[in-house]
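Enquirer: Sharing a sequence plus its predicted fold:
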Amino acid sequence: EDKVVQSPLSLVVHEGDTVTLNCSYEVTNFRSLLWYKQEKKAPTFLFMLTSSGIEKKSGRLSSILDKKELFSILNITATQTGDSAVYLCVIQGAQKLVFGQGTRLTINP
Amino acid sequence: DGGITQSPKYLFRKEGQNVTLSCEQNLNHDAMYWYRQDPGQGLRLIYYSQIVNDFQKGDIAEGYSVSREKKESFPLTVTSAQKNPTAFYLCASSPQTARGEKLFFGSGTQLSVL
């Protein structure tokens, strides 16, 4: 059975800290791994990763994929209160998307 | 502005009642999806549609029904057969099926049972 496991499920840090969110997976017919940010209600797309070892960066956010060990990490440096959200890891298979449970990140001022 | 509109934001269902959640998109996307989100769980696929007048069951279709009479619209009915309907429901669309990087989500409907 396909599954995506994120850790931790919940994380509370202070503004300015650096955080690392983890995603491990077991999925047949892997095509890509995606990260979404869900604040308020509608998830929004952050990154798509298809190749191992190539870091994707967008401002203070970065992510990398290890297809041998079947995991990905999402790093956020110099966190701000606006980074507070649920971060979803999603695997795109041949015909479907498999979602992780999400990590709820809270940034305290 | 292009996007996906879900309504209502909050919905209450009485026992034995069917309720319908609305999802409309003006992105000209072919594929549309309904997901259910429960606390501490990932999004689970209820139904999806790749084209007008066609739809397929997802992983948890029991107790739900959909229609796709127009490209823009993909309403979800939660029937009385769904015994645990309290959840957050997200509608999404994409130009083609299973293109996660091009998936756009609505703002969701929170359904609660009275």
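Expert: Looks like it came in fine.
Enquirer: give me the number of residues near the nearest residue to B:Asn18 once chain neighbours are set aside?
Expert: Leaving aside its chain neighbours, B:Asn18 sits nearest to B:Thr79 (5.0 Å; criterion: C-beta to C-beta, 6 or more residues apart in numbering or on different chains). In short, each C-beta sits where N, CA and C put it, glycine included. Under the neighbour criterion other C-beta atoms under 10 Å in any protein chain shown, B:Thr79 is assigned a count of 15.
Enquirer: which ones are touching B:Thr79?
Expert: Contacts here follow C-beta atoms under 8 Å, 6 or more residues apart in numbering or on different chains; on that basis B:Thr79 touches B:18, B:63-65.
Enquirer: ditto for B:Asp54
Expert: B:Arg68.
Enquirer: OK, contacts around residue 81?
Expert: As the question left the chain open, I've gone with chain A. Shown in contact with A:Thr81 (C-beta under 8 Å, 6+ apart): A:15, A:107-109.
Enquirer: hm, I was asking about chain B
Expert: B:62-63.
Enquirer: let's see 6 Å
Expert: For B:Ala81, the contacting residues are B:Gly63, by C-beta atoms under 6 Å, 6 or more residues apart in numbering or on different chains.
Enquirer: so how far is chain A from it?
Expert: 24 Å (C-beta to the nearest C-beta, to the nearest Å).
Enquirer: got the phi/psi numbers for the spatially most central residue of chain B?
Expert: What sits nearest the mean C-alpha location of chain B, by C-alpha atoms, centre = their mean, is B:Trp34, with 2.9 Å. Dihedral pair for B:Trp34: phi -120, psi 130, per degrees, to the nearest 10.
Enquirer: who are the neighbours in contact with it?
Expert: B:46-47, B:76, B:91.
Enquirer: And B:Lys71, by the same measure?
Expert: By C-beta under 6 Å, 6+ apart, the neighbours of B:Lys71 are B:Val52.
Enquirer: all strands of chain B, in order?
Expert: All strands of chain B, identified by DSSP state E, fall at B:4-7, B:10-13, B:19-25, B:31-37, B:44-51, B:54-57, B:64-66, B:76-78, B:87-94, B:104-105, B:109-113.
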